[in-house]
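*Asks:* Predicted structure and sequence below. I'll ask about it afterward.
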Protein chains: 2
Amino acid sequence: MRTHTIDRLLRQAAGREGIISFAGGLPAPETFPHKALALATSEAIEEEVGASALECASPEGRLGLRTLIATKMRSRGAMVQPDEVIITNGAQDALAIAMEVIGALQVQVDRVTYPGALDIFESAQCAPEARLAQPVTYVMPVISNPTGATMTPAQRLRCLGAEVIIEDDAYGELLFSGPPPRPLLADAPDRVYFIGTFSKILCPGLRVGWLIAPAAVRAQVLAVKARRDLQGGGLSQAVVERLLDSPEFEPRLEKLRAHYQDRCDRLLSSLVHLPGVRFQTPQGGFSVWLETDLPGSDASWLYTALENGVAFEPGQFFQADPQPDQPLAMRLSFSSVPIEQLEAGVARLDRVLRRSRSRAA
Amino acid sequence: MRTHTIDRLLRQAAGREGIISFAGGLPAPETFPHKALALATSEAIEEEVGASALECASPEGRLGLRTLIATKMRSRGAMVQPDEVIITNGAQDALAIAMEVIGALQVQVDRVTYPGALDIFESAQCAPEARLAQPVTYVMPVISNPTGATMTPAQRLRCLGAEVIIEDDAYGELLFSGPPPRPLLADAPDRVYFIGTFSKILCPGLRVGWLIAPAAVRAQVLAVKARRDLQGGGLSQAVVERLLDSPEFEPRLEKLRAHYQDRCDRLLSSLVHLPGVRFQTPQGGFSVWLETDLPGSDASWLYTALENGVAFEPGQFFQADPQPDQPLAMRLSFSSVPIEQLEAGVARLDRVLRRSRSRAA
């Protein structure tokens, strides 16, 4: 669990006027396709009187949506059939289901990784009848959260050596240039749990993601899903199915990528003037990972930042085993900051870092 | 886990023409408020551009919806505040969260009870660090599934003696006459996990339910929810909030109760002519529980029933510890059978029972 102090600080910041917040890592609300969503929803409700959009269906979810997802996966080189896809409540649900089925005691992760995954892994470590201590690896091969990095072919090959792989593709379709790459799933379908989501490319409030698990555990995956909450939301699934089936879906994705790349470029062009920080240019997604050599606790850094009108998620959020004396690092999400505020946000951050630096000197 | 054979038989039956199915226990699709739903959804999408309906919010869910639910609970005598309510993906998610927080090894249940709860309890028995073997009691005080019974005052008082109580109120608003009774929660807020849902009174495809947990574990409940799937669906919550806030909500509930009571009456008036069966008149809800003295396995009974064009959920579904040689029992759900087919369904059931009886003789 991330610390309560920091959670509380960030929650307070979210409601305060005048804060420029690089926290959250959420998609930009202005990119949500409101009109298409409203149309798809009223169609779903009106055309499916008495049909599955509003009813309870099966734990695997709507066949139409699973078919479209399978097609999407095949276009990336993974020979997926519709009955291999299970619809989940976003990526988090998919990951939790995968972990319950795998039953691992320990999961190997990158040096910094998605905090929601760490929450699950930490709770799983005190888990029930962990069947065996399988070498399980959790990765985001295309656009890691928080670094924005994508695996090199050599890294990809090394990763494929793991016995069980959880492949989190949350940002897979938000690579700034080039088509979404071949997933690990394509090369090891019997060892990969693939996780996808529409939260980043449509909107998170729909809560629609998916899991593709090895054939050998499919029945178990369905049983776990049914036990958790019977099934994903029928109405949301019907809406996503309509949007995904539309000829506007791909052009919209192209626009999304350009939208986020613009913000990323704008943020980076400010960050290069920030002294004493290191960062890597993201290849897509929503955020930049920033490292410094500055000492001090994450909570006190964040406190000072908020006093200066800027927020970010500090390093310990993203680390499996954060050390109390590690230098300051942070994720800066550019995704939902108004583009004209990016420079001002970095200027405030600069003030925070300089002040602390002079205080430390 | 219910047996795979029976699951498979019922799944096949669901897709077959000409079967009159008393299985499922689902609300009648013709009762779904399609127009109101469509309106509420387009309003939610259009009015909340960039607001929480489409975004990721907090694990507890929308404040507006939680406020309305708290008001609803207060009208039943439970002094609930909005921040004591957490929105879940239907009742199943609420129950699973409660069980994860309680961490019990064993749960006391009625002789027959809701199968989805049994699935959770069975999996929890091989659970992780079950903190202590607390005497946990799972009950449906108002309209039990499958029996349709409501607790007497004496039963209610006895139940309140339990150390931890999971109060499943899934059908609480579908009592055929009289207002929804005072929940156990009202008398033991520090020991009761109260579970509610809109799946029975609006539609299951929205996946919106709620959990009210004792104050001492509220933070833990939120952490568990966040770890499971971050939060419930924002769009669904916004839609339910609008419907619940409408002056049409209560009159619609009244109509729903009358709708289901009509079907129930019609079914019972056929069942009284069925020889050798016992049942109790339901006080609300979706189903009747039928018991017989007939031997034979549940799977073979169901197989014969399907051959005769009728389906039901056999007894073992509802029992924590079903015995292989127990006489036939079944849940007959009248909720989603077209009313004009109820007599014909019972006639087919009659044929099945008579044939087997003569075979046994």
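*Replies:* Everything's here; your move. Numbering: from 1, shown residues only, chains lettered A, B, ... in the order given.
*Asks:* from here on, contacts and neighbour counts on C-alpha atoms
*Replies:* Fine.
*Asks:* Can you give me every residue that contacts the residue most central in space within chain A?
*Replies:* Centroid check for chain A by C-alpha atoms, centre = their mean gives residue A:170 as the closest residue, at 4.6 Å. Shown in contact with residue A:170 (C-alpha atoms under 8 Å, 6 or more residues apart in numbering or on different chains): A:91, A:140, A:195, A:196, A:197, A:200.
*Asks:* try it again with 6 Å
*Replies:* Applying C-alpha atoms under 6 Å, 6 or more residues apart in numbering or on different chains, we find residue A:170 in contact with A:196, A:197.
*Asks:* Repeat that for the one 5 residues further on.
*Replies:* By C-alpha under 6 Å, 6+ apart, the residues touching residue A:175 are A:283, A:284.
*Asks:* what bridges to it?
*Replies:* residue A:284 (DSSP bridges).
*Asks:* Next SSE downstream of the biggest helix by length in chain A?
*Replies:* Secondary structure assigned by DSSP state H gives helix A:249-271 as the longest helix of chain A. Per DSSP states H and E, the first helix or strand lying C-terminal to helix A:249-271 is strand A:277-279.
*Asks:* Please identify the pairing partners of that next one and their relative orientation?
*Replies:* strand A:287-292 (antiparallel).
*Asks:* helix or strand right after the partner strand?
*Replies:* Counting by DSSP H and E, the next helix or strand C-terminal to strand A:287-292 is helix A:298-307.
*Asks:* Buried residues of that next one, list them for me.
*Replies:* For helix A:298-307, a neighbour-count test (16 or more other C-alpha atoms under 10 Å in any protein chain shown) marks A:298, A:299, A:301, A:302, A:303, A:304, A:305, A:306 as buried.
*Asks:* which residue sits closest to residue A:85, ignoring its sequence neighbours?
*Replies:* Distances taken as C-alpha to C-alpha, 6 or more residues apart in numbering or on different chains place residue A:212 nearest to residue A:85, at 5.0 Å, with adjacent residues excluded.
*Asks:* what's the answer for residue A:352, then?
*Replies:* residue A:305 (6.0 Å).
*Asks:* these two touch, right, the residue nearest to residue A:85 and residue A:196?
*Replies:* No. If you go by C-alpha atoms under 6 Å, residue A:212 and residue A:196 don't touch, sitting 8.6 Å apart.
*Asks:* Spit out the contact partners of residue A:139.
*Replies:* Contacts of residue A:139 by C-alpha under 6 Å, 6+ apart are residue A:167.
*Asks:* Just the pLDDT at the residue nearest to residue A:264 when sequence neighbours are not counted, thanks.
*Replies:* Distances taken as C-alpha to C-alpha, 6+ apart place residue A:334 nearest to residue A:264, at 6.2 Å, with adjacent residues excluded. Listed pLDDT for residue A:334 reads 96.
*Asks:* cool, residue A:165 as well?
*Replies:* 97.
*Asks:* Quick check: phi and psi on it?
*Replies:* Main-chain dihedrals, residue A:165, degrees, to the nearest 10: phi -120, psi 130.
*Asks:* what are the bridge partners for it, then?
*Replies:* Here residue A:165 sits in beta bridges with residue A:137, residue A:192, as judged by DSSP bridges.
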